[in-house]
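> here is my input, please return the structure:
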Amino acid sequence: MRAVVFEEFGGPEVLHVKDVDEPHPGPGQIRVAVRAAGVNPMDYKIRHGWMDAFVPTTFPAVPGLEFSGVVDETGEGVTDFAVGDEVLGWSATGAYAPYALADVVVAKPAGLSWDEAAAIPVAGETALRGLDALGVRDGETLLLHGAAGAVGALAVQLAVARGATVIGTASPANHEYVASLGAVPVAYGDGLVDRVRAAAPQGVDAVFDTSGKGALPDSIELRGGTTDRIVTIADPAAEELGVTFSSGGTTPEAKRAGLAENARLATEGALRVRVAGTFPLAEAGKAQQTSEEGHAGGKLVITP
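Predicted coordinates:
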């Protein structure tokens, strides 16, 4: 099959389309004919080699953590899914390809498009993980950095659904979008502390940083000097500041449960997923470059 691969670490130029062997499912796995693959920051971090200590890469490597598609083979012991079922979930072999293996999947609701479905697994799990780690609940005020991004936008909606007031940082061009999600938008950058205090005179109960743009010191100040109830998924300065860095650890069962619920909410219109761009396999490098630049304005998707 023709898949996107990289055979050395580097920039987006190391990605290219190449003939590779088709994967076939082992026990407990399914093979999916991929209809859409989500693009995530983790993809370019793995490509650069930045995550090799945690996610070892064997070359040639096929990128892509998440997908939507149709089951076309099942491995031994699989009883929950059959050939022809429409699913979404996490790839075990890389999703920038016509076929991918998986064992953490859920059924795709009929009302969800392929692109929307592929955009939910990673961002949705990350958003839920952050909110759960913070214990965000009804009546609290959450400061959410990067509210217009793929993870941030879902986290805003999920936090609002819990009854929280959300103050969302974003560029002025995205303020209308952030407000439409249910958050109070504020601009990031110099003067952030004063702007947040004006928007939330009641104070900030928790902070979820999804952008990694250096807002942790201001976040600590807004929390009264404590790092309690501050979580980041993106700022490497977390450790030196004593802030919790969340990088995964959710069980497969929890992933499935959260994914099924998020897919249901998206189908019902209670969770909006904004797909900012779609790319063919041959333009995977462009897709990752756009993701790395950090101004996609939503989720990016590759369609094999």
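> other residues contacting stretch 262-273?
The contact list for stretch 262-273 (Cβ atoms under 8 Å, 6 or more residues apart in numbering) reads 88, 106, 108-112, 116-117, 119-120, 124, 128, 153-154, 157-158, 161, 181, 299. (C-beta placed from N, C-alpha, C; glycine too.)
> same question, stretch 90-98
Counting by Cβ under 8 Å, 6+ apart, 1-4, 20, 23, 29, 32-34, 37-38, 61-67, 100-105, 118, 121-122, 255, 281, 284, 302, 304 sit against stretch 90-98.
> buried ones in that stretch?
Neighbour-count burial for stretch 90-98 flags Trp90, Ser91, Ala92, Thr93, Gly94, Ala95, Tyr96, Ala97, Pro98 (criterion: 16 or more other Cβ atoms under 10 Å).
> you'd agree Ala123 is up against Val151?
Yes: using Cβ atoms under 8 Å, Ala123 makes contact with Val151 at a distance of 4.7 Å.
> shared neighbours, the two?
With Cβ under 8 Å, 6+ apart, Ala123 and Val151 have no common neighbours.
> and the helices in the protein?
Ranges of helices in the chain, per DSSP state H, are 41-48, 114-118, 121-134, 150-161, 175-180, 192-199, 216-222, 238-241, 252-267, 284-293.
> closest one to Val275 among these?
Nearest of the helices of the chain to Val275, taken as Cβ to Cβ: helix 114-118 at 4.7 Å.
> put the alpha carbons of the closest one into PDB.
The C-alpha coordinates for helix 114-118 follow below in PDB (Å, rounded to 0.1, in the frame of the first residue of the first chain):
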ATOM      1  CA  TRP A 114     -15.400  11.000   8.600                       C
ATOM      2  CA  ASP A 115     -13.400  14.200   9.100                       C
ATOM      3  CA  GLU A 116     -15.200  15.100  12.300                       C
ATOM      4  CA  ALA A 117     -14.900  11.600  13.600                       C
ATOM      5  CA  ALA A 118     -11.100  11.500  13.000                       C
END
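> what's the average pLDDT for it?
The predicted model gives helix 114-118 an average pLDDT of 98.
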